[in-house]
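Undergrad: how would this look folded up:
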Amino acid sequence: MVKFNTTMCCLFIAVLLLNVAPAVQSRDLYRYYNDEGNMVVDYQVPAKYVGGGYEVLNDVGVVIKVVPRELTEEEKQAADAQQTLEQQALAEQERLRKWDESLLLRYSAIADIEDARERALSELRIRVSILKSNKRSLKHQVENYQAQAADLERSGQQVDVARLRVIEDLQGEINITDRAIADRQLEIEQVSAAYQLDIERFGMLLEVVELRRTLLAQEREAAKNQSADPRR
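TA: I've put the predicted structure just below:
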């Protein structure tokens, strides 16, 4: 009876080990470096070494995952700066693409841009001319009211408040007109500069188009000569 129990126990233990072994064997291993720079392989990575990065190995020692080390503050700043530069480069690339598409869609020659510039500048110059004319009219009104006030003072009369208020209001309108004239003149400079950039950019596009045409013609000529040569 004792012999039977011993046999049964051995069989039970063997079955138990068979069931447990696969679970143990299937656990992942972690490979990392400790403070001394020595490589360590274990079933877990201590918290203080996680930031240094580690590798995850399967049950046969093959790397299945790599967790990189954490970046230092300087490296993070450098990475952020690099990302910013890349984003700026992409934004500039997109800006130029839209600019080129717009130029090619609106114009067929540099003369077209020059004509558009002249039309835009002509409209702005007309606005400036109108503002200057308004300013002359306002100044004339001020001079008239000031002359009236001077006549009253010479005759010993007091200048009425209403007249002084009108002069003050007219001078305020003159100041506003002066600012509007300055704004339009600045706009003229900006519009002229913008069209000049369009002209230069469009010239570059034409050069690229012409270069492509030349290269394409050369390729066609070379292909034609090659097909015409019986030795090839």
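Undergrad: just checking, what packs against whichever strand or helix holds Glu118?
TA: According to DSSP states H and E, Glu118 maps onto helix 110-154. Secondary-structure packing of helix 110-154 (3 or more Cβ pairs under 8 Å, 6 or more residues apart in numbering; DSSP states H and E): helix 73-106, helix 161-228. Quick note: C-beta positions are derived from backbone N, CA and C, even for glycine.
Undergrad: Tell me what angle the first one forms with helix 110-154.
TA: So that's helix 73-106. Angle, helix 73-106 to helix 110-154, by axes from the mean of the first three to the mean of the last three Cα atoms, to 10 degrees: 100 degrees.
Undergrad: circling back to that earlier point, out of the helices and strands packed on helix 110-154, nearest to Ile64?
TA: helix 73-106 (26.0 Å; Cβ to Cβ).
Undergrad: ok, back up a step: nearest to Lys48, out of the helices and strands packed on helix 110-154?
TA: Closest approach to Lys48 among the helices and strands packed on helix 110-154 (Cβ to Cβ): helix 73-106, 18.3 Å.
Undergrad: May I ask which helix or strand of this structure has the lowest mean pLDDT?
TA: Lowest on mean pLDDT, DSSP states H and E among the helices and strands of the chain sits helix 2-25, with a mean of 46.
Undergrad: Now find how far off-centre the next helix or strand after that helix is within its chain.
TA: Next helix or strand after helix 2-25 toward the C-terminus (DSSP H and E): strand 29-33. On the basis of Cα atoms, centre = their mean, to the nearest Å, strand 29-33 is displaced by 42 Å from the centre of the chain it belongs to.
Undergrad: buried ones in strand 29-33?
TA: For strand 29-33, burial by neighbour count (16 or more other Cβ atoms under 10 Å) applies to Leu29, Tyr30, Arg31, Tyr32.
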